[in-house]
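S.K.: The sequence and its predicted three-dimensional model are supplied below.
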Amino acid sequence: DTGVSQDPRHKITKRGQNVTFRCDPISEHNRLYWYRQTLGQGPEFLTYFQNEAQLEKSRLLSDRFSAERPKGSFSTLEIQRTEQGDSAMYLCASRPSLNEKLFFGSGTQLSVL
Amino acid sequence: RKEVEQDPGPFNVPEGATVAFNCTYSNSASQSFFWYRQDCRKEPKLLMSVYSSGNEDGRFTAQLNRASQYISLLIRDSKLSDSATYLCVVNRGGTGGFKTIFGAGTRLFVKA
């Protein structure tokens, strides 16, 4: 499968714990995006990377959130000291530099108890 | 005010009906426009791009009015399989590349 893959598909954690999600984009795509989606809402932009550089970060992203793409390939999104309000679907997407279509992974569903 | 606004619906229509969705965007610097479809508990997938000249893909027609910052999607002869959430999507320049903004989506239920 050469699509965008995300791991894990589901994560249940207790409030206050740290969680980390991984995204593997399509190999030739140098732009990678993270979105968060809650029930009844569209995906909300969190951050994006061009290669290993994090070019923009939403104001929605508190200091508890950090994202990396160390070698310009896979990316990780870490949430520290999780809160119940962090419960959502976290979607990763990628696109090649000159193509505007976004390819999404299946997402990681986070539930904070 | 959200940057991309859509009527959340839901729209409940019988099979064979024609249904239209509207969307407005607030940033006049927006450069390209799309409709994505999202099935329940699935990731969004591109349905079609939207151009000022209008474009058609089978039963689906999309239209863009840049002057009024308005995007539309028309579905003719609705099928049960069209039931989904339709997301209006706008690309605009962000630092170093495109920033893609999604509307909240319009839910469509097509009934037999």
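M.R.: Done, it's in.
S.K.: And chain B, is the helix or strand bottoming out on mean pLDDT in chain A touching that?
M.R.: Per-element confidence for chain A was summarised using mean pLDDT, DSSP states H and E. The lowest value among helices and strands belongs to strand A:53-57, with a mean of 88. Yes - contact between strand A:53-57 and chain B is present through A:53, A:55-56 (criterion: CB under 8 Å from any CB of the partner chain). In this view, the C-beta of every residue, glycine as well, is placed from N, C-alpha and C.
S.K.: any chance of those in JSON lines, plus distance to A:Ser94 and neighbour count?
M.R.: Formatted as JSON lines, the entries for these read as follows, by distance: CB to CB, whole Å; neighbours: other CB atoms under 10 Å in any protein chain shown:
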{"residue": "A:Ala53", "distance to A:Ser94": "15", "neighbour count": "12"}
{"residue": "A:Leu55", "distance to A:Ser94": "14", "neighbour count": "15"}
{"residue": "A:Glu56", "distance to A:Ser94": "15", "neighbour count": "16"}
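S.K.: Next secondary structure after the least confident helix or strand of chain A?
M.R.: From strand A:53-57 onward toward the C-terminus, using DSSP states H and E, the following helix or strand is strand A:65-68.
S.K.: For chain B, which residues score under the pLDDT cut-off?
M.R.: Across chain B, residues meeting the criterion (pLDDT under 70) sit at B:94-97.
S.K.: Quick one: the strands in it, in order.
M.R.: B:4-6, B:11-14, B:19-25, B:32-38, B:45-50, B:55-57, B:60-65, B:70-75, B:84-94, B:97-102, B:106-111 (DSSP state E).
S.K.: among those, which is nearest chain A?
M.R.: Taking CB to the nearest CB as the criterion, chain A comes closest to strand B:97-102 out of the strands of chain B, the separation being 3.7 Å.
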